[in-house]
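Engineer: structural data only, the sequence is not supplied:
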């Protein structure tokens, strides 16, 4: 019996150690690691719409505005066959900006775009990463496509949208059906992070999410053709021993 208990504890400690290794400083993230946090992680999800007649795309970074341009990717575009049809795929990125890992990933891309060491910028970005969002949860939404015309209608909608027009169409929902309604909205700006949907962190005087929560869903119905619907597993949103969302 003692051997079984000891083995279980050892496995738990190993799992905790492996998890702790993932929570490394944002300045040490590689471009690939930062992209994964933003696009395919407990805090950042991607919803893909449309069809693509080309070869499957490689792992992308973040938005065309905020991501650094790579010489390899530029050569790949120049080497494409002239009769290749442009992709009609649109990728909607939905990220918990109020989660520290997401802010760290964004900060890393800003440094990568800078291209050279800048201690002053790194210090400013550290302040952004450590920012306390207090009573608010913020989900940042961005649309990306190889052909900018594919995201034009969506970005125009997000730019002109208002909190009153979105309040009944956008929410965060727990597995038990309880919802957080939209509290505020900020349209896309020059930071490349996209539109910001703001929610209160509590419901009926209690934290909306806890470490014991199952999952949370971000839902947005902009019109008949524009609907975002993604789920996040709450138990995976632990970062440095704290629930980040």
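Structural biologist: Yep, that arrived. Predicted model, so just to flag it, every value in this text is computed and none were measured.
Engineer: poorly predicted segments of the chain, please.
Structural biologist: 1-22, 52-86 (pLDDT under 70).
Engineer: run the last query once more with 50
Structural biologist: Scanning the chain for pLDDT under 50 picks out 1-21, 53-82.
Engineer: and after the lengthiest strand in it, which helix or strand comes next?
Structural biologist: When every strand of the chain is counted residue by residue (DSSP state E), the longest turns out to be strand 136-144. Downstream of strand 136-144, the first helix or strand assigned by DSSP states H and E is helix 152-160.
Engineer: which parts of the next helix or strand after that next one are buried?
Structural biologist: Toward the C-terminus, helix 152-160 is succeeded by helix 163-166 as the next helix or strand (DSSP H and E). By neighbour count on 16 or more other CB atoms under 10 Å, the buried set for helix 163-166 is residue 166. For every residue, glycine as well, the C-beta is placed using N, CA and C.
Engineer: check which helices and strands the helix or strand just after helix 163-166 is in contact with.
Structural biologist: The helix or strand immediately downstream of helix 163-166 is strand 170-174, counting by DSSP H and E. Where contact means 3 or more CB pairs under 8 Å, 6 or more residues apart in numbering; DSSP states H and E, strand 170-174 is packed against strand 179-181, strand 195-200, strand 215-221.
Engineer: how about 7 Å then?
Structural biologist: strand 179-181, strand 215-221 (3 or more CB pairs under 7 Å, 6 or more residues apart in numbering; DSSP states H and E).
Engineer: element containing residue 128?
Structural biologist: helix 119-129.
Engineer: so for residue 156, which of the helices and strands packed on strand 170-174 sits nearest?
Structural biologist: strand 215-221 (15.6 Å; CB to CB).
Engineer: so for the protein, which residue is the most central one in space?
Structural biologist: In the chain, the C-alpha nearest the mean C-alpha coordinate belongs to residue 95, at 2.4 Å (CA atoms, centre = their mean).
Engineer: about what we covered before: closest to residue 197 out of the helices and strands packed on strand 170-174?
Structural biologist: Nearest to residue 197, of those and by CB to CB, is strand 215-221 at 7.4 Å.
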